[in-house]
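Visitor: quick one, fold the following:
(one chain, ligands or ions: 1)
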Amino acid sequence: MSQMTFGFDEREPEQPRKHKEPLKEPVQALEGTEVEMKTQPLLDFLLETKRIRLVDVKLAELLIGTDTSQKNEVFYLILLLAVAQQSQHSCLDLNAINWQNPFAIREQAVSDASIAAPDIISPFSENYDAQQAETQLMAAACVGDDKPLLLFANKLYFARLAQYETVLASRLSHLAAKPLNIDETALTALLTEYFPDEAHREDPADPIKTLNWQKVACAIAATKGFSVITGGPGTGKTTTVTKLLAIMQSLYASAPLTIKLVAPTGKAAARLSESILGAKQKLSMIPKDIAPLIPETAQTIHRLLGVIPHTNKFRHNKRNPLHLDVLIIDEASMVDLSLMAKLIEALPSHARLILLGDKDQLASVDTGSILSDLCQGLTLEKMPAYSQARAEQLNRVCFNNRAVLSHSEDSYLLSDCIAFLQQSYRFDGKSGIGQLAQAVNTNSQGLLGYVEQTVNEGGFSDLKLNYNVINKPIEHFVQLAAQHYQAYLTLIREGAGVAKVHNAFSDYQLLAAVKEGDYGVNSLNLRIEKALSQQGLISPYQRHYLGMPIMISQNDYQLKLFNGDIGILMHDEQGQLKAMFIDEQENIRAFSPARLPAHDKVYAMTIHKSQGSEFAYTAMILPPINQANQGINRQLVYTGITRAKNTFELVADKNVLLMAMNKSVTRASGLFDRLKHAAS
Ligand SMILES: Nc1ncnc2c1ncn2[C@@H]1O[C@H](COP(=O)(O)OP(=O)(O)OP(=O)(O)O)[C@@H](O)[C@H]1O
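Guide: Reported below is the predicted structural model:
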């Protein structure tokens with residue numbers, strides 16, 4: 001079950017109606033002032049219950065114009081667009097609106113609200129539909145080219161977001177279509193060298209999954225100006241890209257390429273640097289003269305683009321492009337629409353772009369879902385949709401003309417640029433983490449049952465399942481978390497260095513799905529803090545104290561501290577309490593706590609904030625069913641599980657886990673349509 005959710009919809013639990021007043025049927029066809037009169041109670045209710053903001057109402061009034069200030073259907077469509085955007089949708093998909101209950105007013109919320117329930121829960125007439133909405137919007141003065149709102153493929157946009165999508169679609173299509181002068185014979189030889197047949201075993205029982213996708217991915221990225229290499233945890237994205245860079249540098253040996261590696265957060269950049277270095281050391285086939293041409297350090301996207309202090313603008317842009325030949329973006333699922341558009345605009349015209357990431361993870365914190373949009377239609381154990389010419393080319397360079405890859409009528413320009421790594425090398429059949437992640441990602445109760453049984457029989461030593469959240473008090477899990485945090489706090493007391501303390505801290509992380517409630521991050525942070533204080537490990541009597549772990553929650557471009565960066569409060573050489581950060585190059589940066597931008601304690605963090613990070617031991621708590629709101633879904637739980645490197649512990653009511661597995665969410669976007677349109 002895949003569904004589109006708006007912000008308020010994600011917050012309201014589905015409960016039986018306690019009852020106040022019966023909800024009536026939607027209004028019959030209404031126009032202009034009539035709509036306004038009949039729907040005023042609905043508008044009041046939406047404001048009172050914080051489903052919409054006053055600023056959105058003012059904006060909608062402004063957009064429909066002073067001479068037609070009566071609240072008509074267009075007014076309500078603009079409100080719906082504002083709500084959709086606050087839930088990180090790029091647009092309002094007219095085809096996805098429930099016209100009878102467009103603001104997803106749940107009966108529970110109606111009965112709980114302090115103001116009377118509105119008689120009418122929809123401002124639209126009974127027969128109103130997407131087509132009528134489109135017709136009305138097209139006639140509206142605020143909709144159209146060079147207007148504040150835009151319509152595209154039955155989707156309503158704020159012009160700025162439509163503009164980002166247009167830029168992205170046109171630049172990606174251009175990159176994908178650009179002919180590259182590749183010596184195919186040399187490429188074939190290099191692919192054979194880096195992926196010797198004897199090193200890869202295809203399983204006839206599982207032919208698609210066990211196909212040598214890493215080799216195909218290298219061939220795809222070496223022959224296109226734009227490519228995507230996606231795959232789950234440990235499927236070899238970094239290994240593949242390291243081989244790819246070696247192959248590309250060998251192909252261009254006479255004039256080596258300038259390659260830059262970036263990731264959306266400092267943490268993710270540090271992880272990429274570490275993985276590339278590890279892969280380079282492991283891959284003995286990389287010649288000595290080529291190895292130094294493969295970069296080992298990644299940086300954040302913000303650092304690459306060069307933030308102009310006190311603005312959201314960058315030094316590098318269309319007029320001042322970046323100096324590079326190849327750009328690799330890791331953890332691409334975390335990059336939002338606006339940042340990706342700015343990054344792509346700043347690429348020089350000859351540059352190549354390669355995106356790495358897991359398409360099934362949570363989408364970016366901000367608007368958009370670029371990676372999953374680009375990877376639409378990719379399914380495990382299914383052949384991706386390559387064009388005939390592309391399948392033939394890939395079979396030629398990878399498989400000595402053997403017809404291993406087949407083509408599809410559904411292919412289009414960009415599907416020829418996408419590689420899907422399907423086999424995990426880190427989490428094989430013996431790994432409970434891998435199996436649980438797959439069970440969740442594919443919503444397979446059968447696989448989940450197998451995982452549970454194996455754990456019960458003493459197998460899967462990397463996995464701990466605690467379904468007994470009702471009988472075991474939350475305090476038990478708080479004490480367990482506090483035990484794990486003893487290690488880094490002891491190191492601080494012993495006077496260990498910043499790097500060592502940071503490493504010890506990141507060995508364990510408690511993740512929670514929500515912020516509020518007993519099982520939310522805020523409460524867990526306070527309880528763990530109390531437990532550590534009772535053990536005498538910390539003295540949390542001031543706002544900032546020795547050993548306090550913090551996470552930045554707001555970008556500060558001047559200090560170069562960004563959302564998601566983790567610091568630990570430690571004494572500097574002068575004995576001053578400082579927030580110590582360690583960047584992707586292992587440089588230590590110390591800040592007075594008073595100078596820090598907005599930040600939170602981080603004994604526990606939300607799964608959203610954990611994206612791009614990895615922890616040796618990851619514990620994840622989901623709230624019980626009566627507190628489990630609709631924000632809990634498959635992508636969230638899958639992202640939490642895949643943060644674990646060595647051990648994963650789940651604390652959840654099984655019904656909540658099953659509910660999450662069954663609920664896959666998508667974001668409204670027109671990117672895929674635009675790409676198909678641009679490519680045709
Ligand atoms: N073809 C292969 N054969 C055997 N081992 C492999 C292969 N490819 C990758 N590995 C190993 O699997 C592990 C995971 O690989 P890698 O780090 O490249 O995956 P990833 O997809 O980048 O992982 P992440 O989930 O961290 O993003 C590494 O130990 C790597 O050496």
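
Visitor: now stretch 444-459 - C-alpha only, PDB.
Guide: Extracted in PDB, the C-alpha atoms of stretch 444-459 (Å, rounded to 0.1, in the frame of the first residue of the first chain):
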ATOM      1  CA  SER A 444       7.300  -9.700   3.700                       C
ATOM      2  CA  GLN A 445       5.700 -11.200   6.800                       C
ATOM      3  CA  GLY A 446       7.000 -14.600   5.700                       C
ATOM      4  CA  LEU A 447      10.600 -13.300   5.900                       C
ATOM      5  CA  LEU A 448       9.900 -11.600   9.200                       C
ATOM      6  CA  GLY A 449       8.600 -14.800  10.600                       C
ATOM      7  CA  TYR A 450      11.800 -16.600   9.500                       C
ATOM      8  CA  VAL A 451      13.900 -13.900  11.100                       C
ATOM      9  CA  GLU A 452      11.900 -14.100  14.400                       C
ATOM     10  CA  GLN A 453      12.200 -17.900  14.500                       C
ATOM     11  CA  THR A 454      15.900 -17.800  13.800                       C
ATOM     12  CA  VAL A 455      16.400 -15.300  16.600                       C
ATOM     13  CA  ASN A 456      14.300 -17.400  19.000                       C
ATOM     14  CA  GLU A 457      16.400 -20.400  18.200                       C
ATOM     15  CA  GLY A 458      19.600 -18.500  19.100                       C
ATOM     16  CA  GLY A 459      20.600 -17.600  15.500                       C
END
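
Visitor: average pLDDT for it?
Guide: Averaging pLDDT along stretch 444-459 yields 95.

Visitor: in the stretch 1-150 of the chain, what residue lies closest to the ligand?
Guide: Per CB to the nearest ligand atom, Q88 is where the stretch 1-150 of the chain lies closest to the ligand, at 23.3 Å. Bear in mind the C-beta positions are built from the backbone N, C-alpha and C, glycine included.

Visitor: my guess is that residue meets L362, correct?
Guide: No. Between Q88 and L362 there is no contact, the gap being 10.4 Å when judged by CB atoms under 8 Å.

Visitor: more neighbours: the two, which one.
Guide: L362 (23 against 19; other CB atoms under 10 Å).

Visitor: wait, doesn't I550 sit right on Y603?
Guide: No. Checked against CB under 8 Å, the pair I550 and Y603 is beyond contact range at 10.2 Å.

Visitor: what about the two, which has more around it?
Guide: Y603 (25 against 19).

Visitor: can you list the residues of the stretch 251-400 of the chain near the ligand?
Guide: Residues of the stretch 251-400 of the chain lying close to the ligand (CB under 6 Å from any ligand atom) are 275, 279, 282.

Visitor: what sits against the last one?
Guide: So the one you mean is K282. K282 is in contact with T239, counting by CB atoms under 8 Å, 6 or more residues apart in numbering.

Visitor: ok, it to T239 distance?
Guide: 8 Å (CB to CB, to the nearest Å).

Visitor: same question, the second one
Guide: A279 sits 5 Å away from T239 when distances are taken as CB to CB.

Visitor: about what we covered before: number of residues surrounding the closest residue in space to the residue of the stretch 1-150 of the chain closest to the ligand that isn't next to it in sequence?
Guide: Once flanking residues are discounted, Q88 sits nearest to T367: 4.9 Å by CB to CB, 6 or more residues apart in numbering. The local packing of T367 (other CB under 10 Å) involves 25 other residues.

Visitor: again with Q376
Guide: Count around Q376 with other CB under 10 Å applied: 17.

Visitor: check N154 too.
Guide: The number of residues packed near N154 is 17, by other CB under 10 Å.

Visitor: likewise for the one 10 residues further on?
Guide: Y164 sits with 25 neighbouring residues when counted by other CB under 10 Å.

Visitor: phi and psi next, for it.
Guide: Main-chain dihedrals, Y164, degrees, to the nearest 10: phi -60, psi -40.

Visitor: how about the one 3 residues further on?
Guide: With angles defined as degrees, to the nearest 10, V167 shows backbone torsions of phi -60, psi -50.

Visitor: excluding chain neighbours, what is closest to it?
Guide: Here the residue nearest V167, using CB to CB, 6+ apart, is A341, at 4.7 Å.

Visitor: for the one you found, what are phi and psi?
Guide: phi -60, psi -40.

Visitor: for it, give its distance to A332.
Guide: A341 sits 13 Å away from A332, going by CB to CB.

Visitor: in the stretch 51-200 of the chain, what residue spans correspond to helices?
Guide: Ranges of helices in the stretch 51-200 of the chain, per DSSP state H, counting those that start in this stretch, are 54-64, 73-86, 107-112, 130-139, 159-177, 184-194.

Visitor: CSV please, covering these and showing distance to M248 and mean pLDDT.
Guide: Listed next are the helices of the stretch 51-200 of the chain as CSV, based on distance: least, CB to CB, whole Å; pLDDT from 0 to 100:
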stretch, distance to M248, mean pLDDT
helix 54-64, 48, 91
helix 73-86, 39, 93
helix 107-112, 55, 55
helix 130-139, 46, 93
helix 159-177, 15, 94
helix 184-194, 9, 96
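
Visitor: what's the pLDDT at V665?
Guide: In this model, V665 is scored at 85, pLDDT.

Visitor: can you give the strand pairings for the one helix or strand it maps to, parallel or anti for each?
Guide: Secondary structure from DSSP states H and E places V665 in strand 664-666. Paired with strand 664-666 in the same sheet, following DSSP bridges, are strand 2-4 (parallel).

Visitor: quick one: which of A341 and A332 has more around it?
Guide: Taking other CB under 10 Å, A341 and A332 do not tie; A332 has more neighbours (27 against 23).

Visitor: spell out which parts of the protein neighbour the ligand.
Guide: Selection of the chain residues close to the ligand by CB under 6 Å from any ligand atom yields 214, 231, 233-239, 275, 279, 282, 425-426.

Visitor: hang on, L322 packs against E345?
Guide: No. If you go by CB under 8 Å, L322 and E345 don't touch, sitting 10.2 Å apart.

Visitor: for stretch 512-523, buried residues please.
Guide: 512-515, 517, 519-523 (16 or more other CB atoms under 10 Å).

Visitor: which stretches of the stretch 201-350 of the chain form helices?
Guide: Going by DSSP H, counting those that start in this stretch, the stretch 201-350 of the chain shows helices at 213-222, 237-251, 266-282, 301-305, 337-345.
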